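1. how would this look folded up:
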Amino acid sequence: MLSAHSALDLDVLCSGPMPHACWRPKTPREAVQQGYSAAEQERRRFNLGGPPVRYLQELLVAHRIRVATAELPPEVSCLYLHAAGTGYLVLVNRKMPVESQRCCYAHGYAHPLFHAERQSVFCRQSDRGSLIELRASSFAGRLLVPERAVRQYLQSLGKERLGRAGGATQRMPTEQRATPATRKQRCGYEGAADAARPRSDCGAACLLLRRTPLARRTLLAQ
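-> Below is the predicted model:
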């Protein structure tokens, strides 16, 4: 007798993560670029369009990625498991704030895309400086909040500052000329000395999604 999944061809339509073939990053720039590229491909595969992702957990479950919160050690933010009994599973530390949990779900989902051969990955705070974790965080941030939404958020900040200033003298530029320093910031690191503590794109996405009411309307009501 055919199962419901087989009868509806769900194994084909929702086959879980599609691994991204890429080399192990050697520099922070490579790690960030690989994360961004994979996130943009996943957004196209999920047909997400331009707005930020509102309901990530439901999206992952619809594509056969099980998600849950659990009591994890304080130094473990999330972990990824893949076994015959569990399928694809991302567990997130339930003591983290809700916005951080959403970022961790996206972060955990990055690991089966880049490490399809591994059955488990533990994401510890002490490993945040590694290139592997930087790649996963870059993926998570871009998956949740695409570049277009970030630009619109920055534009909304300019309008908000202008309104507070009375609309007469202060105008915050929405885009600045790129300099070596700003290019490094956009890629998630400041230089060799900062490579051990890269900026978290995942954290930046969470920050944007819980900013002022004007920013939330700009990011989510698209």
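2. quick one: list the elements packing against the strand or helix carrying residue 39.
-> With elements taken from DSSP states H and E, the one containing residue 39 is helix 28-45. The elements that helix 28-45 packs onto, with contact taken as 3 or more CB pairs under 8 Å, 6 or more residues apart in numbering; DSSP states H and E, are helix 98-114, helix 131-144. From N, CA and C alone the C-beta is placed, and that goes for glycine too.
3. swap the cut-off to 6 Å and go again
-> Applying 3 or more CB pairs under 6 Å, 6 or more residues apart in numbering; DSSP states H and E, one finds that helix 28-45 makes contact with helix 131-144.
4. quick one: the strands in the protein, in order.
-> Under the criterion DSSP state E, strands of the chain are mapped to 65-70, 76-83, 87-93, 120-124.
5. buried set for the longest one?
-> In this case it means strand 76-83. By neighbour count with 16 or more other CB atoms under 10 Å, strand 76-83 contains the buried residues 76, 77, 78, 79, 80, 81, 82.
6. show me what contacts the first one?
-> Right, residue 76. If a contact means CB atoms under 6 Å, 6 or more residues apart in numbering, then residue 76 has 122, 124 as its contacts.
7. about what we covered before: let's test this: mean pLDDT of the helix holding residue 39, rounded?
-> When pLDDT is averaged over helix 28-45, the result is 94.
8. quick one, it and helix 98-114 angle?
-> With axes from the mean of the first three to the mean of the last three CA atoms, to 10 degrees as the criterion, the two stretches helix 28-45 and helix 98-114 enclose an angle of 90 degrees.
9. pull the CA atoms of helix 28-45 into CSV?
-> What follows is the C-alpha trace of helix 28-45 in CSV, where atoms were taken according to Å, rounded to 0.1, in the frame of the first residue of the first chain:
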residue,chain,number,x,y,z
PRO,A,28,36.4,35.5,5.8
ARG,A,29,35.5,37.0,2.4
GLU,A,30,35.1,33.6,0.8
ALA,A,31,33.0,32.4,3.8
VAL,A,32,30.7,35.4,3.6
GLN,A,33,30.3,35.2,-0.2
GLN,A,34,29.5,31.4,-0.1
GLY,A,35,26.9,32.1,2.6
TYR,A,36,25.3,34.9,0.7
SER,A,37,25.3,32.9,-2.6
ALA,A,38,23.7,29.8,-1.0
ALA,A,39,21.0,32.0,0.8
GLU,A,40,20.0,33.7,-2.5
GLN,A,41,19.7,30.3,-4.2
GLU,A,42,17.5,29.0,-1.4
ARG,A,43,15.3,32.1,-1.5
ARG,A,44,14.8,31.5,-5.2
ARG,A,45,14.1,27.8,-4.6
